[in-house]
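**Q** return a 3D structure for these sequence lines:
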Amino acid sequence: MALFIPTYFSPISQYSEIINSEEVRFEMDDNFQKQSFRNRCYISNTNGKQLLNIPVKHPVTSGRKKTKDTLVENATPWQDQHFKSLKTAYRNSPFFEFYVDDMAPIFEKEYTFLQDINIDTFLFISEALQINTAFKKTTIYTTETDNKDYRDLAEVKNQPEILVDKYIQMFDDKHGFIPNLSILDLLFMEGPNAITYLENK
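**A** So this is what the prediction gives:
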């Protein structure tokens, strides 16, 4: 069993570990960390690396809050902005049209909790890549675990040096290969073959 923190359209580094795990357990009781993959992902566009960030509500008190209690700030049309950015960046990619209709509900549903978005993105990717890995949720937080611990992959600064092999990206002629983007980048460029990249990391 492997332990992960649910993140927003997770980076390739996270899925390369998920795909090679027999069972996934999602951490439900960690403290929310700013500027992490919990509420952000990175894609490639004509200008290079683009951030897609989900706005969240910050508590009035200065105390820590758990990720599972983190509320989405829906005052801004972030879903429309993210969906438009993905269409602009990937509409001419080989497999975007193949997956866009199944992905669309994530940008149409009104969410209250950040964690629900992240689980939905995992379910979408699992179906798109036909990942049959079972997952469970934790009930308590512990720093010591007998499971393989990949919770640090939710932090932008804690990424492995060795990732999947290079693949063709939309704008690599302008910017070169950009490693460890959102799993969406690999999915839209390689389609079902993305699983091969993840398995052979």
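**Q** contacting residues for Lys137?
**A** Shown in contact with Lys137 (CB atoms under 8 Å, 6 or more residues apart in numbering): 25-26, 28. Heads up, the C-betas are built off the backbone N, CA and C, glycines and all.
**Q** quick one: the strands in the chain?
**A** Ranges of strands within the chain are 2-4, 23-26, 40-45, 48-53, 134-137, 148-149, based on DSSP state E.
**Q** of all these, which one is nearest Ala75?
**A** Ala75 lies closest to strand 48-53 among those, at 14.3 Å (CB to CB).
**Q** just the CA atoms of the closest one, as PDB, please.
**A** The C-alpha coordinates for strand 48-53 follow below in PDB (Å, rounded to 0.1, in the frame of the first residue of the first chain):
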ATOM      1  CA  GLY A  48       5.900  27.900 -21.500                       C
ATOM      2  CA  LYS A  49       4.900  26.600 -18.100                       C
ATOM      3  CA  GLN A  50       1.400  27.900 -17.000                       C
ATOM      4  CA  LEU A  51       0.000  27.700 -13.400                       C
ATOM      5  CA  LEU A  52      -3.600  26.700 -12.900                       C
ATOM      6  CA  ASN A  53      -4.400  27.600  -9.300                       C
END
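**Q** Provide the strand pairings for it, with the direction of each partner.
**A** Using DSSP bridges, strand 48-53 pairs in its sheet with strand 40-45 (antiparallel).
**Q** residues contacting the strand it pairs with, please?
**A** 7-11, 49-54, 85-86, 88-90, 156, 169-171, 175, 178, 180-182, 184-185.
**Q** ok, of those residues, which come out buried?
**A** 7-11, 50, 52, 54, 86, 89-90, 169-170, 178, 180-182, 184-185 (16 or more other CB atoms under 10 Å).
**Q** what mean pLDDT does stretch 64-71 have?
**A** Mean pLDDT, computed over stretch 64-71, is 88.
**Q** direction included, what does the worst-scoring helix or strand of the chain on mean pLDDT pair against?
**A** Ranked by mean pLDDT, DSSP states H and E, the weakest helix or strand in the chain is strand 134-137, scoring a mean of 88. The strands that strand 134-137 pairs with in its sheet are strand 23-26 (parallel) (by DSSP bridges).
**Q** now the strand it pairs with: mean pLDDT?
**A** Mean pLDDT, strand 23-26: 92.
**Q** what comes up buried for the least confident helix or strand of the chain?
**A** Quick answer for strand 134-137 (16+ other CB under 10 Å): Phe135.
**Q** next: stretch 130-147.
**A** By neighbour count with 16+ other CB under 10 Å, stretch 130-147 contains the buried residues 131, 135, 138, 147.
**Q** the first one reaches Ile19, doesn't it?
**A** Yes. Taking contacts as CB atoms under 8 Å, Ile131 lies within contact range of Ile19: 6.3 Å.
**Q** and Asp80, how many neighbours?
**A** The local packing of Asp80 (other CB atoms under 10 Å) involves 11 other residues.
**Q** meant to ask about Arg151, not that
**A** Number of residues near Arg151 (other CB under 10 Å) recorded here: 18.
**Q** list the contacts of it.
**A** Here Arg151 is in contact with 3-5, 27, 30 (criterion: CB under 8 Å, 6+ apart).
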